[in-house]
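Enquirer: Requesting a structural model of the entry that follows:
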Amino acid sequence: MNLTHLERLEAESIQIMRELVAEAEHPVMLYSVGKDSAVMLHLAKKAFFPSPPPFPLLHVDTTWKFQDMYALRGKAAKEAGMELLVYQNPEALERGINPFDHGSLHTDLWKTEGLKKALDQYGFDAALGGARRDEEKSRAKERVFSFRTSKHRWDAKNQRPELWKLYNARKNKGESIRVFPLSNWTELDIWQYIHLEKIEIVPLYFAAERPTVKRDGLLIMVDDERFRLQDGELPQQRSIRFRTLGCYPLTGAVESTAATLTEV
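Expert: Model prediction:
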């Protein structure tokens with residue numbers, strides 16, 4: 001049977017998801033609402049059709065995501081027939097941690113520590129994530145099944161060989177696994193698959209006139225009334241889009257007129 005490049009990637013990702021469900025006791029899918037999460041969710045629906053995927057979606061919320069992301073989050077979960085769990089780190093919430101005053105602590109407490117606490121609170125032993133090896137060097141060395149200690153630490157010496165795409169999900173008590181079904185996809189693969197499968201994504205990936213300010217070499221979109229304008233700053237309408245999505249005060253846009261998938 002001759003498969004196209006995208007069909008081979010799709011089949012590999014579906015196999016990984018089914019293998020995880022067969023071996024894990026309490027899996028979950030991390031859902032950030034970005035384009036990679038959209039593809040991963042689409043693959044999960046295919047993997048277990050006609051039933052809904054047998055695990056919930058978990059969104060570790062920083063409270064600073066784009067409004068368009070929040071709008072799609074609930075809609076996507078409902079259409080997939082999946083439970084949506086939204087976790088906000090209570091420590092970060094109590095301390096009022098925000099991207100304007102706290103620098104890297106914002107990301108560390110809301111996202112990194114938030115994810116660890118969410119996994120502990122719900123008792124998940126395996127989490128599907130949308131990371132790809134082509135994104136950065138640190139992710140290039142990750143296994144598809146990436147093991148974590150009971151403290152959620154990654155130990156390079158405690159990873160398993162994955163010969164012939166065979167995965168070993170056995171773990172000791174207290175350990176957990178991060179599983180990356182999109183490991184071998186590239187950004188171009190993601191965009192082509194979204195186009196081919198007509199997957200709905202956040203409209204921020206497409207160019208439109210949006211209020212922005214230039215700050216520290218970045219084009220930052222003013223998404224709500226919490227944005228703190230500096231002296232002399234005045235939001236201007238620019239035709240922009242985003243390649244990646246995160247907390248809106250920290251995410252730089254690019255000026256663009258690419259308003260369709262083909263143009264992107």
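Enquirer: ok, and the closest non-adjacent residue to Arg95?
Expert: Leu109 (7.6 Å; C-beta to C-beta, 6 or more residues apart in numbering). Using the backbone N, CA and C atoms, a C-beta is placed for each residue, glycine as well.
Enquirer: what about the closest residue to Val144 other than its chain neighbours, how many neighbours?
Expert: Nearest non-adjacent residue to Val144, counting by C-beta to C-beta, 6+ apart: Ser183, 5.1 Å away. Neighbour count for Ser183, taken as other C-beta atoms under 10 Å: 24.
Enquirer: same deal with Thr257?
Expert: By the measure other C-beta under 10 Å, the count of residues near Thr257 is 11.
Enquirer: and the next element down the chain from the helix or strand where Leu9 lies?
Expert: Using DSSP states H and E, Leu9 sits within helix 5-23. Next along the chain after helix 5-23, taking DSSP H and E as the criterion, comes strand 27-30.
Enquirer: other SSEs contacting whichever helix or strand comes after that next one?
Expert: Proceeding N to C from strand 27-30, the next assigned helix or strand is helix 35-48, under DSSP H and E. With contacts defined as 3 or more C-beta pairs under 8 Å, 6 or more residues apart in numbering; DSSP states H and E, the packing partners of helix 35-48 are helix 5-23, strand 27-30, helix 67-80, helix 187-197.
Enquirer: what about the first one, distance to the chain center?
Expert: On the basis of C-alpha atoms, centre = their mean, to the nearest Å, helix 5-23 sits 18 Å off its chain's mean C-alpha point.
Enquirer: got the helices and strands packed on helix 35-48 as TSV, with distance to Ala156, mean pLDDT and mean neighbour count columns?
Expert: Putting the helices and strands packed on helix 35-48 into TSV (distance: least, C-beta to C-beta, whole Å; pLDDT from 0 to 100; neighbours: other C-beta atoms under 10 Å) gives the following:
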stretch	distance to Ala156	mean pLDDT	mean neighbour count
helix 5-23	21	96	17
strand 27-30	22	97	22
helix 67-80	33	95	16
helix 187-197	26	96	16
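Enquirer: Ok, which of these comes nearest Asp134?
Expert: helix 187-197 (6.6 Å; C-beta to C-beta).
Enquirer: what does the closest one rub up against?
Expert: Contacts with helix 187-197, where a contact means C-beta atoms under 8 Å, 6 or more residues apart in numbering, come from 5-6, 9-10, 35-36, 38-39, 42, 132, 134-135, 182, 185, 199, 201, 261-262, 264.
Enquirer: Going through those residues, which ones are buried?
Expert: Buried subset of those (neighbour count, 16 or more other C-beta atoms under 10 Å): 9-10, 35-36, 38-39, 42, 132, 134, 182, 185, 199, 201, 261.
Enquirer: As JSON lines, the helices and strands packed on helix 35-48 with distance to Gln230 would be great.
Expert: Putting the helices and strands packed on helix 35-48 into JSON lines (distance: least, C-beta to C-beta, whole Å) gives the following:
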{"stretch": "helix 5-23", "distance to Gln230": "44"}
{"stretch": "strand 27-30", "distance to Gln230": "34"}
{"stretch": "helix 67-80", "distance to Gln230": "22"}
{"stretch": "helix 187-197", "distance to Gln230": "33"}
